[in-house]
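Q: turn this into a structure:
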Amino acid sequence: MEPTVLLCAVVVILVAFFVLPVRRGKACSEKPCDHEVSRTPRDHVIIIGAGMAGLFAGRVLSDYFKKVTIVDRDALSDDDTGVASTRRGTPQGFHHHMMPMKGARTLDVLFPGLIEELFADGATQLNLASDFLIVFKGVRALNSKHGPLDLTGIASSRPFLESHVRARVRRIPNVTFCQATVDELLHERQGDASVVYGAVLRSKDGKDADLHADMVVDASGRRSRLSKYLESMGLPEPPSECLDVSISYCTAVFKPTPEQLAALSWRNFAAVPPEYVQANLFVIMAIEHGCFMVGIYGYGRHLVAPTDVEKLKVLTSSMLHGEVLRTVLDTWQQVTPFKSYIDASSYVKRFEKLQPGDWPENFIALGDAVSAFNPQYGQGMTASALESVAIGDVLRKHLTEHYTRDWCGVALQCQKAIAPVVAEFWATGATEDLMRPTTTVVRGPGPSTAGKLKSLVGSELAKYCLTSNEENMQAFWRVTMMAASPSTLMRPSILLPTFARCLRIMFFGRPEFKLTIAPPQDRRKV
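A: The predicted structure is shown next:
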């Protein structure tokens, strides 16, 4: 071989091995970074908040970072599995929670075998088609003798579920927990971008310490300091919508004797009056270890339920099927006292409207820090799980396509990936909430004529599906449990009767509704 040819071959090899990878890494970004990527050892992420959103994020991000630090102000113990162990950081944890099928499937993907573990430790399998006697907006829903598996969810107290998930996250070698609060983020301006490179942690004794990281995730819930963080960086908050739904609820845990349990004509019970009737609703739902969670809800500040049992007994006389609740209050063993919680607002931040430069580098927010829904719909935990999966998809795609751990631009991509997940849940809940006369629009579009018509159709469609036949009933619950698309209900056999009901209401008004009680012999055992 000629020396010149040999020399050329060596040069080509050197270029291929050393120059091309560098160029390929630079070319990967949609927008080249003009600032430093990190000032610390690589691959460390801080997650603010150890609730369900923080735990889901910790599980997903542990696949992409060498070290994950989850920070929470509460002392966390995996032994706290009962509802009485609700911690300060999750005041809503004492009340009803449910993981529908879509959430349960996601949970099983993130933590293989966890669902079986939950059931083995005492959680309840809850099938909406067969295990719930539901009076929905004044009409009795049909029941199946055996509900299909895709309508089965996990029913337990929030501390029970959270402690099991947290125990799984603790087993991940590169995840650590830290008890502290985060008052501010470490950030600086580099070019046109605000770059986050860590957080200031305040320990229980009041001492501050800087903790550097390549990424910071805010999963701190409704008490998030997101607005403060963005303000400190000179950045505007994302556009948002907010509804004052004025929902209040009080909850306690009861336990029936084996004889009382055997005598029940239902396994779980929910009585929901029509949205235009000013009355409290209640839910009695089985949780872990043979206990039942009893919750009384009210829309409007005049329907805040008392926590005194004797006053609640008086209230049952003005509730739909209040005699069922009265029997529980009179005869079952009360395990915990009633606790109340007032949840005034539902909100969503529209990250899909953000532009480059509107959001800091290396900072992600998810869970209730970016969107909070009416808790009656049981959407929060599932939304957080799906948001975490969406973030993981963005990171995996970034690393696969760009061959680099330069996270420039990734944070905004993650926020935009979360947006459609949030929008789906918001559209469902907001449509229902805007039907209630007690709901006030704080920010965002109010109820339009089209929106009111959509709400009416949705309400009547639900009533028709739940009362017409078993096939329609199961199809409706699949959509509710997020196991099927709403498009599965868009068929003539459902739509035509629904439209007929809507036209009758539009021309002749709603039928008079009275809070009457169905005699016990009319309630079929399920």
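Q: so for residue 455, what's the pLDDT?
A: On pLDDT, residue 455 comes in at 81.
Q: confirm it sits in a helix?
A: Yes - counting by DSSP: H, G, I helix; E, B strand; the rest coil, residue 455 falls inside a helix.
Q: what's the burial count for it?
A: 19 (other Cβ atoms under 10 Å). Where C-beta positions appear, they are placed from N, C-alpha and C, glycine not excepted.
Q: got the contact list for it?
A: 431, 432, 434, 435, 447 (Cβ atoms under 8 Å, 6 or more residues apart in numbering).
Q: how does it look with 10 Å?
A: By Cβ atoms under 10 Å, 6 or more residues apart in numbering, the contact set of residue 455 is 275, 430, 431, 432, 433, 434, 435, 436, 447.
Q: residue 300 and residue 452, how far apart?
A: Distance, residue 300 to residue 452, using Cβ to Cβ, to the nearest Å: 19 Å.
Q: so between the two, which is more surrounded?
A: Ranked by neighbour count (other Cβ under 10 Å), residue 300 and residue 452 place residue 300 first, with 16 against 13.
Q: leaving out the residues flanking it, which one is nearest to residue 137?
A: Spatial nearest neighbour of residue 137, excluding adjacent residues (Cβ to Cβ, 6 or more residues apart in numbering): residue 274 at 4.5 Å.
Q: and the gap between that neighbour and residue 343?
A: For residue 274, the distance to residue 343 (Cβ to Cβ) stands at 21 Å.
Q: now the strand ranked longest in the chain: mean pLDDT?
A: The residue-count maximum for a strand in the chain (DSSP state E) belongs to strand 240-255. Mean per-residue pLDDT for strand 240-255: 89.
Q: only the buried residues of that strand, if you could.
A: Neighbour counts over strand 240-255 (16 or more other Cβ atoms under 10 Å) mark 240-243, 245-254 as buried.
Q: now that strand, how far from the chain's geometric center?
A: 14 Å (Cα atoms, centre = their mean, to the nearest Å).
Q: I'd like the next helix or strand past it.
A: helix 258-263 (DSSP states H and E).
Q: nearest residue to the most centrally placed residue in the chain other than its sequence neighbours?
A: Centroid-nearest residue in the chain, with Cα atoms, centre = their mean: residue 380, separated by 1.5 Å. Closest residue in space to residue 380, ignoring its immediate chain neighbours: residue 373 at 6.0 Å, by Cβ to Cβ, 6+ apart.
Q: next one: that neighbour from residue 95, what distance?
A: 14 Å.
Q: same check on residue 340?
A: To residue 95, residue 340 is 9 Å away according to Cβ to Cβ.
Q: list residues touching both of these two?
A: 249, 250, 251.
Q: how about these in TSV, adding distance to residue 461?
A: Listed next are these as TSV, based on distance: Cβ to Cβ, whole Å:
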residue	distance to residue 461
249	26
250	31
251	30
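Q: out of these, which comes closest to residue 491?
A: Checking the shared contacts of residue 340 and residue 95 against residue 491 by Cβ to Cβ gives residue 249 as the nearest, at 35.6 Å.
Q: that closest one is in contact with residue 282, isn't it?
A: Yes - here residue 249 reaches residue 282: they are 9.4 Å apart, a contact under Cβ atoms under 10 Å.
Q: burial of residue 448, as a residue count?
A: Neighbours of residue 448 using other Cβ under 10 Å come to 10.
Q: same question for residue 149.
A: Number of residues near residue 149 (other Cβ under 10 Å) recorded here: 10.
Q: list the contacts for it?
A: By Cβ under 10 Å, 6+ apart, residue 149 lies in contact with 101, 125, 127, 483.
Q: and the pLDDT for the last one?
A: Looking at residue 483, its pLDDT reads 81.
Q: contacting residues around it?
A: 100, 101, 102, 104, 105, 148, 149, 150, 151, 152, 153, 477.
Q: tell me the SS of residue 146?
A: The three-state assignment at residue 146 reads coil, by three-state DSSP.
Q: oh, and call the first residue 60 from now on, that's how I've got it
A: In the new count, where the first residue is 60, that last one comes out as residue 205.
Q: SS state for the residue lying closest to it once chain neighbours are set aside?
A: Leaving out its chain neighbours, the residue that sits closest to residue 205 by Cβ to Cβ, 6+ apart is residue 189, at 6.0 Å. With three-state DSSP as the basis, residue 189 sits in coil.
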